[in-house]
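Enquirer: here is the input, now give the coordinates:
(one chain, ligands or ions: 1)
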Amino acid sequence: MDFPSSIDVNLPLGRFPSLWSTWLDLNDNVRAILGIGCLILIPIIMNYAIAWAMYHWQHWNVDEQQIPPEYPSFIPYIGNIIPFIFDGKNFVQRVTSYAGRVTSTRLNVLGQEIYIFQEPETLAALWKSPVLSSPIQSYVFALKYICGMQEKALSPYRADDSGSYPKPFPGTQVEPHNRVDYIIHQGVQRGLVGPGLVPTTRRLTKAVTRKIEHLQVSKEWTVIPDLSRFMYDIVGVSIIESICGPSLMSINPAFADDFWTYDKNVPWLSRGIPSFVIPNAYRVRDRLIDQLKNWHSFAKSHFTESDIEDDGDSDRFWGSEMMRSRQKTLRRVDDQDNDSIASSDLGLIWASVSNILGASTLATAHVFKDRNLLSRVREIARNHSEDQGEHTELELKQLQKDPLLSSVYAEVLRLYSKAFMIAKSPHVDVSLGRWWFPKDTMGLANSHVSHMNDNFWNTKCGLYPIDTFWADRFVQDPRDPSSGPMRPEFQGKERKAHNEPFFSLKGLEGAWIPYGGGHKQCPGRFLAKAVVISTCILLSQRFDIEMLTESMEMSPWKFGLGVLRPKTELPFRIRRRMS
Ligand code: HEM
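Expert: Numbers count the residues shown, from 1 in each chain. The predicted model follows:
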């Protein structure tokens with residue numbers, strides 16, 4: 001049908017007829033395609049509009065206790081997955097903010113409901129709950145994709161709904177020898193928080209001190225291309241030695257280099273990128289698993305009880321009681337074999353190295369970049385060292401209580417830790433104040449969102465913005481009401497009990513969360529603090545370091561996996577100080 005052209009120009013709604021005539025001028029195929037497009041698009045837009053309205057309505061409806069509102073997604077089912085995986089930082093920040101405040105939210109990702117809890121009080125309530133287990137799906141995911149565990153060995157992990165407490169959850173059918181969640185949890189607790197803490201810290205600080213003492217650096221400047229690699233050779237290798245003993249790397253001389261390459265590839269492995277795209281990452285992981293198996297059989301055939309040292313923990317074959325006992329407990333779990341135990345050990349070693357390495361590197365970079373901070377750190381070191389050089393174990397322990405050093409350590413973790421913590425309640429719904437956390441669903445918390453909460457952290461009225469490093473942020477000075485980590489209105493009465501500047505994490509539960517919280521909190525946190533502080537002290541005392549780059553841009557790819565790493569190499573020059 002032809003449309004009279006005269007109407008076209010004279011009608012007050014002249015645009016409508018011209019659109020209409022354009023539509024009629026199109027050929028049938030194009031009209032059919034556009035028609036189908038509209039049929040698909042209109043329900044999507046309506047669905048989005050309804051989801052959007054529901055989202056806001058649930059946020060305004062503050063009187064009721066409810067499950068967190070579902071964040072609307074333009075394309076149902078798959079809408080959230082792409083930004084979640086590839087733009088995690090901005091996506092998580094966006095979905096957990098409402099009307100300028102941090103909030104909790106619900107996402108639908110590939111048909112699965114995921115809850116993100118973020119308000120400090122909600123997180124504090126979450127971590128007090130005694131009914132949470134480990135999120136077994138995420139264990140399975142990490143063991144499969146990051147550590148290369150085979151499907152059969154993963155089945156007892158998938159089946160374990162008994163929780164990580166000594167007493168299994170009521171209703172579970174899992175047999176005691178298959179309680180992998182509890183077995184792993186209690187093993188690392190004993191090794192890193194319980195009786196193993198003192199001997200492991202001693203081995204670790206000794207190894208770090210020895211490596212720093214023996215650095216091949218003279219009194220002349222030497223240029224070194226990358227601070228991260230330099231710190232890996234000190235801190236990363238020391239932590240592997242202190243947990244696994246000297247034999248792992250002495251019988252596998254390529255282990256340290258292979259592990260460095262593997263660690264760089266973990267962000268890709270964790271995204272499930274297949275082996276034909278990143279063959280080298282898979283090859284290096286296979287090599288590490290072979291080397292771990294080689295170490296296991298070497299240690300098994302050489303170790304006797306008499307090798308255990310007087311501290312009751314160390315031995316030169318397995319390294320520590322934690323690694324010795326994992327061999328027994330994990331082997332008893334159904335369907336485990338040499339490969340699966342090696343994959344599991346690879347995961348533990350990665351957890352031990354990855355974050356501590358990032359934290360020590362960034363703390364060192366910040367201390368040496370700021371001359372004033374460096375001289376304050378050196379002054380503290382001098383005051384704690386009797387012979388103006390060597391630090392005794394006791395001195396290093398006392399240095400961990402120093403407010404400035406503790407603040408530098410805490411601020412590095414506040415600024416650079418971007419971990420997802422995962423929680424699940426397999427059997428009962430959990431009340432978290434305003435929100436419900438339904439049973440058998442996945443709950444997440446992200447440290448980046450908590451650490452960048454502008455409404456909580458003190459910036460001294462914008463002088464030290466939330467996304468910048470301020471060495472003194474965590475120092476509380478009783479004489480300065482504007483000091484301390486949180487905004488003055490959140491400060492407790494604690495500072496009244498002090499006369500001198502002090503460091504305390506009181507009141508930061510649910511806000512400073514680099515280690516997660518509650519029962520599943522990182523067991524390596526005490527070791528981490530000891531190492532970050534000892535490394536800063538020892539390096540600043542013995543060496544001059546000048547960073548040869550201004551850039552401290554972080555790679556976004558480790559977002560969600562812990563402490564970030566610099567995007568590029570950090571070149572620097574170093575020389576031994578005149579004593
Ligand atoms: C700055 C250093 C570190 C940071 C920021 C860090 C952070 C974390 C985080 C966020 C978790 C997950 C907690 C949760 O799910 O709620 C975790 C778990 C864990 N971390 Fe660390 N970590 C650090 C150092 C270490 C070290 C040095 C070790 C070992 C020597 C270690 C061993 C572990 C282990 C074994 C787990 C799993 C615990 C379990 O499943 O029960 N971490 N860590």
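
Enquirer: where does the chain have low pLDDT?
Expert: Applying pLDDT under 70 to the chain flags the ranges 1-19, 23, 62-63, 133, 386-394, 579.

Enquirer: which residues of it lie near the ligand?
Expert: The chain comes close to the ligand at residues 134, 184-185, 188, 192, 239, 348, 351-352, 355-356, 359, 413, 417, 419, 421-422, 514-516, 520-524, 527-528, 562-563, as judged by C-beta under 6 Å from any ligand atom. The way it works is simple: take the backbone N, C-alpha and C, and place the C-beta from them, glycine included.

Enquirer: restricted to helices, list these.
Expert: Among the residues of the chain next to the ligand, DSSP state H puts 184-185, 188, 192, 239, 348, 351-352, 355-356, 359, 413, 527-528 in helices.

Enquirer: all strands of the chain, in order?
Expert: For the chain, the strands defined by DSSP state E occupy 97-98, 101-102, 105-109, 112-116, 222-224, 417-423, 430-432, 435-437, 442-446, 475-476, 502-503, 543-547, 561-563, 572-576.

Enquirer: what comes up buried for stretch 322-331?
Expert: Residues of stretch 322-331 classed as buried: 322-326, 329-330 (neighbour count, 16 or more other C-beta atoms under 10 Å).

Enquirer: how is the protein divided into domains?
Expert: As recorded under automatic domain parsing, the domains making up the chain are 5-116, 136-576.

Enquirer: end to end on the last one, go ahead and measure it.
Expert: By that I understand domain 136-576. End-to-end distance for domain 136-576, by C-alpha to C-alpha, to the nearest Å: 49 Å.

Enquirer: starting at the chain centroid, how far to it?
Expert: Chain-centre distance of domain 136-576: 9 Å, with C-alpha atoms, centre = their mean, to the nearest Å.

Enquirer: with the shortest one instead?
Expert: With C-alpha atoms, centre = their mean as the basis, the distance from the averaged C-alpha position of domain 5-116 to the chain average is 32 Å.

Enquirer: quick one on the thing from earlier: W127: which of the domains of the chain is closest?
Expert: Minimum separation from W127 across these (C-beta to C-beta) falls at domain 136-576, 2.9 Å.

Enquirer: picking up where we left off before, give me the buried subset of the residues of the chain next to the ligand.
Expert: 134, 184-185, 188, 192, 239, 348, 351-352, 355-356, 359, 413, 417, 419, 421-422, 514-516, 520, 522-524, 527-528, 562-563.

Enquirer: can I assume H177 is in contact with V333?
Expert: Yes: applying C-beta atoms under 8 Å as the test, H177 and V333 come out as touching, 6.4 Å apart.

Enquirer: who has more neighbours, those two?
Expert: Between H177 and V333, counting by other C-beta atoms under 10 Å, V333 is the more crowded of the two (22 against 13).

Enquirer: so how far is G245 from the residue nearest to the more buried one when sequence neighbours are not counted?
Expert: The shortest distance from V333 to any non-neighbouring residue, by C-beta to C-beta, 6 or more residues apart in numbering, is to P156 (5.2 Å). Look at P156 and G245: by C-beta to C-beta, to the nearest Å, they are 28 Å apart.

Enquirer: between the two, who's got more neighbours?
Expert: Per other C-beta under 10 Å, whichever of P156 and G245 has more neighbours is G245, with 24 against 20.

Enquirer: contacting residues for the more buried one?
Expert: Neighbouring residues of G245 by C-beta atoms under 8 Å, 6 or more residues apart in numbering: 299, 314-320, 323.

Enquirer: report the two of those residues separated the most.
Expert: The widest separation within the contacts of G245 (C-beta to C-beta) is 13.2 Å, between A299 and S314.

Enquirer: the more surrounded of these two?
Expert: A299 (23 against 20).

Enquirer: how about the more buried one, what does it touch?
Expert: A299 sits next to 245, 247, 317-318 when contact means C-beta under 8 Å, 6+ apart.

Enquirer: out of these, grab the one that's most surrounded.
Expert: W318 (26 neighbours).

Enquirer: where's it relative to A299, distance?
Expert: To A299, W318 is 5 Å away according to C-beta to C-beta.

Enquirer: what of M547?
Expert: To A299, M547 is 41 Å away according to C-beta to C-beta.

Enquirer: what of R525?
Expert: Taken as C-beta to C-beta, the span from R525 to A299 is 27 Å.

Enquirer: please identify the most buried of the domains of the chain.
Expert: Mean neighbour count (mean count of other C-beta atoms under 10 Å) peaks for domain 136-576 among these, with a mean of 18.

Enquirer: the nearest residue to G433 once chain neighbours are set aside: neighbouring residues, count only.
Expert: Excluding the flanking residues, the one nearest G433 by C-beta to C-beta, 6+ apart is A125, at 5.4 Å. If you count neighbours by other C-beta under 10 Å, A125 ends up with 20.

Enquirer: which residues sit in contact with A125?
Expert: The contact partners of A125, taken as C-beta under 8 Å, 6+ apart, are 431-433.

Enquirer: re earlier: biggest separation within the contacts of A299, which pair?
Expert: Pairwise distances across those peak at 8.1 Å for S247 and W318 (criterion: C-beta to C-beta).
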